[in-house]
Structure formats: C-alpha cells, structure tokens
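>>> sequence plus predicted model, see below.
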Amino acid sequence: MKLQQLRYLVEVAQSGLNVSQAAENLHTSQPGVSKQIRLLEEELGVDIFVRNGKRVVSVTEPGKEILAIAQRVLLEAKNLREAGREFSSQHTGTLTIATTHTQARYVLPQVIARFSERYPQVKLTLHQGNPVNVAEEVASGRADLAIATEGLDQFSELRVLPCYQWNRSIVVPPSHPLLTQERLTLKELAAYPLITYDYAFTGRSKINQAFERQGLAPNVVLTALDSDVIKTYVELGMGVGIIAAMAYDAERDRGLRAMDVSHLFEDSTTRVGIRRGAYLRQYAYDFIELFAPKLTRAVIRRALENDPDE
C-alpha cells in the first residue's frame, strides 16, 4: 500500500468519481490512476468503487469506510510534513486562505499586509468563492483556512470559530429620497426595488428573515456575488443596495451614499474554519490572530483539543 494510491483514491472521490478529471488534477494519466486503485482494491480484498464498464458510478459501502480512513491517513501524512517544516524553517512556507469576495476585498487587505511584513518568505494564496466553495476547499485539504459568514457550519470536517460580528448598510445615489428618513423602517425599504447578495452569500439569510418576520415581500430585482457589483448597479439607478457595512468606502464610493440599517437586521458573524485534525504552523496561528485578535494560539488550540466531535 502506498500513499500515492490513497491520494488517487481520494482525488477520484473528490472529483465526483470522474477518473479523467482526477488524473488531470494529479497531473498524471487516467490509466495510471485506474491501475493503482485496482491494485489497492486487490491488496485490500474489497471493491472500493462500483463500475459500469470502465466508468466509476458509485462508492461501495466498504469503500466509504476506506475513503474515510484514507483521508485521515493523508491528513496525518501532511501533518508530519508540516511539523518537520515548522522546526526546520519556521518563517517560510505557504498559507492558502479560502474566502469570499467581501472578506478578500474589504477586510483582509490590511491583515495580509501586516502578515507579509512579519513573514515575508511565506507565500500567501487567496481562493475566492461562495461560502460552500470556501468550506469545501478546506474540508478537502486544498486550503488551510476558511473565512466566511455563511456555510461553514454545514461541513462536519471543519472546526468553526467565531471572529467578529457585523451588520449592514444600504447604498443609494446621492439624491435618493430614503436619505431624508431619520430612522428607516423595513416597510419603507420594501417599497423600493432592492439589489443585494445571492442567497448563499454574506448574511443574505438574515435579510430574508427580517422581512419575513414582518410579513413583507421585498422586491429583489437583482442579486450578485459581491458588493462591488451591487454598488455598480445601484449607481445605474436600478435599485437600493443592501450590503455589508464594511463594503462601503466613502472615499472610493463617491457616487453613492450609505445609511446604517443595523437596527433592521440581526448581526451576522464571520467565522474561520479549520479542518479537524489539521496541523497548523505558527504563522497560520498568527494570521488568524491578526484577523481576529481574540483568537490567540492558546484559544485555538484549546478549542481544537476540546472539540466534541473529535
């Protein structure tokens, strides 16, 4: 049994049972992947995959258990490598952050700048996507940390820790009549066409819940994946934008005006997700603490060690 065989096995599963895609992801040949998985099955004495001709169509019941073990073995092998690097080269390495556009564009720049000053030889990579994509990146081991507001709790492979709370603003053109309101109500807001986030993004569920509780049906005319797109269409006069308060910058967004509407919606919490059992190097702990100062190494270690699901 070889670690390479386990990597092939896990990659096929993560590629939706598409062996050709797995081979492409692994920079190898499809016949080579298929052969190594067959050899592993012969050694274990069980079929891991159900096949229809040459096509993999599902995972057998024993295969599900073998896949789970293979993932744990690969994680521990990675942890061994990271532990070695921790002591041989404490200030060099890579750190991959999976996050949403709002975090990458409006919150992380200052954190990354400070981190890069402290660790100039650590290569930082940002993977952007919706919250589910972000969680999958870390759950699969393709990224080290997930930072998002929604979605992380859906993945049992992740240990999720709260970082900070935030709320929303509306953005409108400078002459919009809503700017004359001293304390905006949801009913007044619902009278206008609205532009906000796609349902999976940035606390959108909190927006829907607020309107539903008052029996209101907001006229959402456009949804987008990031705040900059929302602001662009607000500037075009298509509607009132509801965005994360952090996404408005008076200097940059000179064609818009913002109003705080935190009294209308519940706070949302941005969280960091760490793969259960993963070994974090010191610079990963430092990055998290720069992002959320209350999450010190001691706090994170304690949370991971006391993880009820471990």
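Received the coordinates, thanks.
>>> spatially nearest residue to Asp198 (excluding sequence neighbours)?
Taking C-beta to C-beta, 6 or more residues apart in numbering, and ignoring the residues beside it in sequence, Asp198 has Thr223 as its nearest neighbour in space, at 4.7 Å. The way it works is simple: take the backbone N, C-alpha and C, and place the C-beta from them, glycine included.
>>> for that neighbour, name its beta-bridge partners.
When assigned by DSSP bridges, Thr223 has beta-bridge partners Thr196.
>>> for it, give me its contacts.
Listed by C-beta atoms under 8 Å, 6 or more residues apart in numbering, the contact set of Thr223 reads Ile195, Thr196, Tyr197, Asp198, Tyr199.
>>> a markdown table for these, including pLDDT, neighbour count and distance to Asp144?
Conversion of the contacts of Thr223 to a markdown table gives the following (pLDDT from 0 to 100; neighbours: other C-beta atoms under 10 Å; distance: C-beta to C-beta, whole Å):
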| residue | pLDDT | neighbour count | distance to Asp144 |
| --- | --- | --- | --- |
| Ile195 | 97 | 25 | 34 |
| Thr196 | 94 | 26 | 30 |
| Tyr197 | 90 | 31 | 26 |
| Asp198 | 85 | 12 | 26 |
| Tyr199 | 76 | 13 | 27 |
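>>> hey, what's Gly273 bridged with?
In this entry, Gly273 is beta-bridged to Ala146, Val160, by DSSP bridges.
>>> number of nearby residues for it?
Applying other C-beta atoms under 10 Å, we find 26 other residues in the vicinity of Gly273.
>>> go ahead and confirm it touches Leu158.
Yes - because the distance of 4.1 Å satisfies C-beta atoms under 8 Å, Gly273 is recorded as touching Leu158.
>>> quickly list what's touching both of those two.
The overlap between the contact sets of Gly273 and Leu158 (C-beta under 8 Å, 6+ apart) consists of Ala135, Val138, Ala146, Leu152.
>>> make a markdown table out of those residues and add secondary structure, pLDDT and distance to Ile69.
Converted to a markdown table, the shared contacts of Gly273 and Leu158 look like this (DSSP: H, G, I helix; E, B strand; the rest coil; pLDDT from 0 to 100; distance: C-beta to C-beta, whole Å):
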| residue | secondary structure | pLDDT | distance to Ile69 |
| --- | --- | --- | --- |
| Ala135 | helix | 94 | 22 |
| Val138 | helix | 94 | 20 |
| Ala146 | strand | 97 | 24 |
| Leu152 | helix | 92 | 25 |
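>>> of those, which is the most crowded?
Neighbour count (other C-beta under 10 Å) singles out Ala146 as the most crowded of the shared contacts of Gly273 and Leu158, with 29 neighbours.
>>> any idea how far Arg72 is from that residue?
From Ala146 across to Arg72, the span is 19 Å (C-beta to C-beta, to the nearest Å).
>>> and which of the shared contacts of Gly273 and Leu158 is nearest Glu11?
Proximity of the shared contacts of Gly273 and Leu158 to Glu11, judged by C-beta to C-beta, is greatest for Val138, which lies at 16.4 Å.
>>> grab the nearest non-local neighbour of that closest one.
Closest residue to Val138 apart from its sequence neighbours, by C-beta to C-beta, 6+ apart: Ala146 at 4.2 Å.
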